[in-house]
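A.B. asks: Sequence first, predicted model second:
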Amino acid sequence: MFKRLKFLIYTRGFIWFAYYLVKCYSRTFRLRVENEAGWKTLRHEGIPVLLCTWHQQFFAAIAHFETYAGYHPGLMISRSRDGDLISGVANRVGWHTPRGSSSRGGKDAMTAMIAHLKEHGFGAHILDGPTGPMGKIKPGIIRMAHAAQARVVPFYVTADKAWFFNSWDRFMLPKPFSRVCITFGEALHLAPATTPEAFEQQRQDLETRLRPRLFHLTTKE
């Protein structure tokens, strides 16, 4: 019975169900979006943009990000059964999804993602996904930004009422009818690093800059 249920979760029909569930649930949010015009101006000027956020906070942005389909966005997603579901939903909101992670198929997915950024100039990345540790920026965001000469634009999600799961990332699910705000930060230009030490310093600096907007393990419901 359990195996059959797991199989049904990854069928095309269930992915459509998940897509509409996310869409309908998100419509209950009293959503506000801040500082969106900045990165859109960069795209209109032909400058590649790579949005990024923490794994903890991406859910509340899914439905709104459907409005970005015209930019031909790309998002790298892990090669896993859960990744199959997430990729299926992302595809239905207009996102292209190279598949891979730091532990499986990462090199091919990274190559595909960089090619996508060079061609279409727009994508997003989960900073500490798919399995953490929480708040630890992995090097992929730096490599993609360097290779595609893209500006890195962090975004953060807050909600006045939310549940926090007992997961590695303390995943945040805004409660129905809560006030949700998606805030885009300043566009960051990451100059090419000439040594491994300079690359690591750049990664650490970015992590230090973005971690304060992460809800930590001590956050309560």
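C.D. replies: Nice, I can see it.

A.B. asks: rest of the way, CA atoms for contacts and neighbours
C.D. replies: Fine.

A.B. asks: What residues does the nearest residue to residue 43 once chain neighbours are set aside make contact with?
C.D. replies: The shortest distance from residue 43 to any non-neighbouring residue, by Cα to Cα, 6 or more residues apart in numbering, is to residue 49 (6.7 Å). Each residue near residue 49 by Cα atoms under 8 Å, 6 or more residues apart in numbering is listed here: 39, 42-43, 121-123, 150-153.

A.B. asks: give me phi/psi at residue 49?
C.D. replies: phi -130, psi 130 (degrees, to the nearest 10).

A.B. asks: which parts of stretch 199-212 are buried?
C.D. replies: Within stretch 199-212, the residues that count as buried by 16 or more other Cα atoms under 10 Å are 199, 202-204, 206-207, 210.

A.B. asks: Just put these in CSV and tack on distance to residue 69 and pLDDT.
C.D. replies: As requested, the buried residues of stretch 199-212 are arranged in CSV below (distance: Cα to Cα, whole Å; pLDDT from 0 to 100):
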residue, distance to residue 69, pLDDT
199, 32, 97
202, 30, 97
203, 29, 97
204, 32, 97
206, 27, 97
207, 28, 96
210, 26, 96
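
A.B. asks: quick one: which of the residues you listed is nearest to residue 190?
C.D. replies: residue 202 (7.7 Å; Cα to Cα).

A.B. asks: Please report how far residue 179 lies from residue 66.
C.D. replies: Applying Cα to Cα, to the nearest Å, the value for residue 179 to residue 66 is 19 Å.

A.B. asks: hang on, isn't residue 32 packed against residue 181?
C.D. replies: Yes: Residue 32 is within contact range of residue 181, at 4.7 Å (criterion: Cα atoms under 8 Å).

A.B. asks: residues touching the residue nearest in space to the middle of the chain, list them.
C.D. replies: In the chain, the centroid-proximal residue (Cα atoms, centre = their mean) is residue 126; its distance is 3.9 Å. By Cα under 8 Å, 6+ apart, the contact list for residue 126 reads 52-55, 58.

A.B. asks: What pLDDT does the model give it?
C.D. replies: Listed pLDDT for residue 126 reads 94.

A.B. asks: again with residue 47
C.D. replies: 98.

A.B. asks: Surely it and residue 150 touch.
C.D. replies: Yes: assessed by Cα under 8 Å, residue 47 is found in contact with residue 150 at 6.8 Å.

A.B. asks: any shared contact partners between the two?
C.D. replies: residue 121.

A.B. asks: Of those two, which one has the most company?
C.D. replies: Taking other Cα atoms under 10 Å, residue 47 and residue 150 do not tie; residue 150 has more neighbours (26 against 17).

A.B. asks: Chain neighbours aside, what residue packs nearest to the more buried one?
C.D. replies: residue 48 (4.5 Å).

A.B. asks: any idea how far the one you found lies from residue 14?
C.D. replies: From residue 48 over to residue 14 the distance is 34 Å, taken as Cα to Cα.

A.B. asks: cool, residue 207 as well?
C.D. replies: Applying Cα to Cα to residue 207 and residue 14 gives a distance of 36 Å.

A.B. asks: just the helices in this protein please.
C.D. replies: Taking DSSP state H as the criterion, the chain contains helices spanning 2-9, 12-26, 36-44, 81-92, 106-120, 140-148, 196-210.

A.B. asks: Using JSON lines, please lay out those helices together with distance to residue 165.
C.D. replies: JSON lines is the format used below for those (distance: least, Cα to Cα, whole Å):
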{"stretch": "helix 2-9", "distance to residue 165": "20"}
{"stretch": "helix 12-26", "distance to residue 165": "17"}
{"stretch": "helix 36-44", "distance to residue 165": "28"}
{"stretch": "helix 81-92", "distance to residue 165": "17"}
{"stretch": "helix 106-120", "distance to residue 165": "27"}
{"stretch": "helix 140-148", "distance to residue 165": "25"}
{"stretch": "helix 196-210", "distance to residue 165": "21"}
